[in-house]
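In: Got a predicted structure here, sequence first:
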Amino acid sequence: QVQLVESGGGSVQAGGSLRLSCVDSGGTFADKAMGWFRKAPGKEREFVAGISWSGDSTDYTDSVKGRFTISRDKTKNTVFLQMTSLRPEDTAFYYCNADRWATVQAMAKDPDDYDSWGQGTQVTVSS
């Protein structure tokens, strides 16, 4: 059972910013790559960003490159997603998850590869 808690969502206007947090309260995933995913209304859940266990490597889906930044604070067992220049099409529930591997190169980008999900945090961007 994944024990990750997402927070930081909200409602913003287009062009605004939000920072999402994902807390691994038990420190279970400190040696795993972590990812952010999102599910928009009427759409499939999709990969947004990933970060290696060390924080040295990241990966992004094309639509968020240059606007979103994923990072992690290993002292706080927390992964962040800084979102800037938000667009209405970014509206979705955002979820984090832990991969079985340590690197972004190896981590699963297909949401179907993950067994369980947390509550997520909702992001709404108005035009």
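Out: Right, received. Where do you want to start?
In: which residues does the residue nearest to residue 118 when sequence neighbours are not counted form a beta bridge with?
Out: The spatial neighbour of residue 118 that comes closest, neighbours along the chain excluded (Cβ to Cβ, 6 or more residues apart in numbering), is residue 4 at 5.0 Å. Any C-beta I mention is one placed from the backbone N, CA and C, and that applies to glycine too. When bridges are called by DSSP bridges, residue 4 pairs up with residue 24.
In: Could you report the neighbour count for residue 4?
Out: By the criterion of other Cβ atoms under 10 Å, residue 4 has 23 neighbours.
In: From residue 17, how far off is it?
Out: Applying Cβ to Cβ, to the nearest Å, the value for residue 4 to residue 17 is 22 Å.
In: again, but for residue 31
Out: 30 Å.
In: quick one: contacts for the residue most central in space within the chain?
Out: Computing the C-alpha centroid of the chain and ranking residues by Cα atoms, centre = their mean puts residue 36 first, at 1.9 Å. Shown in contact with residue 36 (Cβ atoms under 8 Å, 6 or more residues apart in numbering): 20, 22, 48, 49, 50, 70, 79, 81, 94, 95, 96.
In: Let's see that with 6 Å instead.
Out: 48, 49, 81, 96 (Cβ atoms under 6 Å, 6 or more residues apart in numbering).
In: can I assume it sits in a helix?
Out: No: under DSSP: H, G, I helix; E, B strand; the rest coil, residue 36 falls outside any helix and is assigned strand.
In: quick one: it and residue 113, what's the gap?
Out: Applying Cβ to Cβ to residue 36 and residue 113 gives a distance of 15 Å.
In: Residue 7 too?
Out: Residue 7 sits 24 Å away from residue 113, going by Cβ to Cβ.
In: Residue 6 now?
Out: 19 Å.
In: tell me the phi and psi of residue 58?
Out: phi -140, psi 160 (degrees, to the nearest 10).
In: and it, what are its bridge partners?
Out: According to DSSP bridges, beta-bridge pairing links residue 58 with residue 51.
In: And it, what's its pLDDT?
Out: Confidence at residue 58, expressed as pLDDT, is 97.
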